[in-house]
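Student: Give me a 3D structure for the following:
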Amino acid sequence: MTHARLRATFLNAAGLGLVLLAGLLAASFLLAAPVQAAGESEVAVMPFVKGRDPQDPGRSLTCPFGRLCYEQDELKGDADRILTRMVRQKLVQRLEHRVVQAGVVKEAYHAGRFASAEEKTPMEAALGLGKALDVDYVLVGNVWRFDERVGKSYGVEDPASVAFSLHLVDIENRRTVWRKVFNETQQSLSENLLKAREFFKRGAKWLTAEELAEYGVADMMKSFPVN
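Tutor: Below is the predicted model:
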């Protein structure tokens, strides 16, 4: 075989190898790509549920509405509405028009009477709401403590204390795909030096329950899985 033919054979083989490598890389990319392309997913924020599972807070989504519990004096009357609005606003900043309008969600939620039966669970309500709205995900929150501070920003008798959780429900697969919990009673700098940076970041003051909840929502949403 001549030198020219050897060189041509080598170049053809190298070219074929590059084509095969490119094909393998493309196949690998497709396997690694998300099932649902960014920009398609729609999310509805279900009205917050008051209370938690008395035995296991982590299972509050599957606890019947009639068994959810909380301390009345620790839970501000409109805490559920405050948190629903707060979470939705944060989500709109991220997903914009892919978050279902609050009025549409509220109308569908009440029309479907998803939470009216005490034996039903928040998970069942979320699935029903998701189907009614034809969305990919429903974000469910439950709050069991929203205790307001007693005092002023510069000094308190009792600090604000807030506890709630967020659950993202995949409607098609009927399962929870993300969950976060916020449970905090504000402490002074002298009580917890480990949180010094956080204390100053929050303005070095005693927060209201709503302000504390806002920090909690912002921190939780950093890991929200839908982009």
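Student: any low-confidence regions in this structure?
Tutor: Applying pLDDT under 70 to the chain picks out residues 1-39, 189-196, 199-200.
Student: which stretches of it form helices?
Tutor: 3-32, 79-95, 102-112, 122-133, 196-201, 209-220 (DSSP state H).
Student: Report the contact partners of Lys106.
Tutor: Pro47 (Cβ atoms under 8 Å, 6 or more residues apart in numbering). Bear in mind the C-beta positions are built from the backbone N, C-alpha and C, glycine included.
Student: For Gly141, which non-adjacent residue is spatially closest?
Tutor: Phe48 (4.4 Å; Cβ to Cβ, 6 or more residues apart in numbering).
Student: just Glu119 next, same as before
Tutor: Pro64 (5.2 Å).
Student: quick one on the thing from earlier: since we're on the residue nearest to Gly141, how many residues are nearby?
Tutor: Each residue near Phe48 was counted by other Cβ atoms under 10 Å, and the total is 22.
Student: And it, how far from Cys69?
Tutor: 15 Å (Cβ to Cβ, to the nearest Å).
Student: now do Gly112
Tutor: Remark: distance between Gly112 and Cys69 (Cβ to Cβ) = 24 Å.
Student: so how far is stretch 203-219 from its chain's centroid?
Tutor: 17 Å (Cα atoms, centre = their mean, to the nearest Å).
Student: which of the residues in it are buried?
Tutor: Trp206, Leu207, Ala209, Glu210, Glu211, Leu212, Ala213, Glu214, Tyr215, Gly216, Val217 (16 or more other Cβ atoms under 10 Å).
Student: what residues are up against the closest residue to the first one other than its chain neighbours?
Tutor: Read it as Trp206. Once flanking residues are discounted, Trp206 sits nearest to Val156: 4.6 Å by Cβ to Cβ, 6+ apart. By Cβ under 8 Å, 6+ apart, the contact set of Val156 is Arg149, Val150, Trp206.
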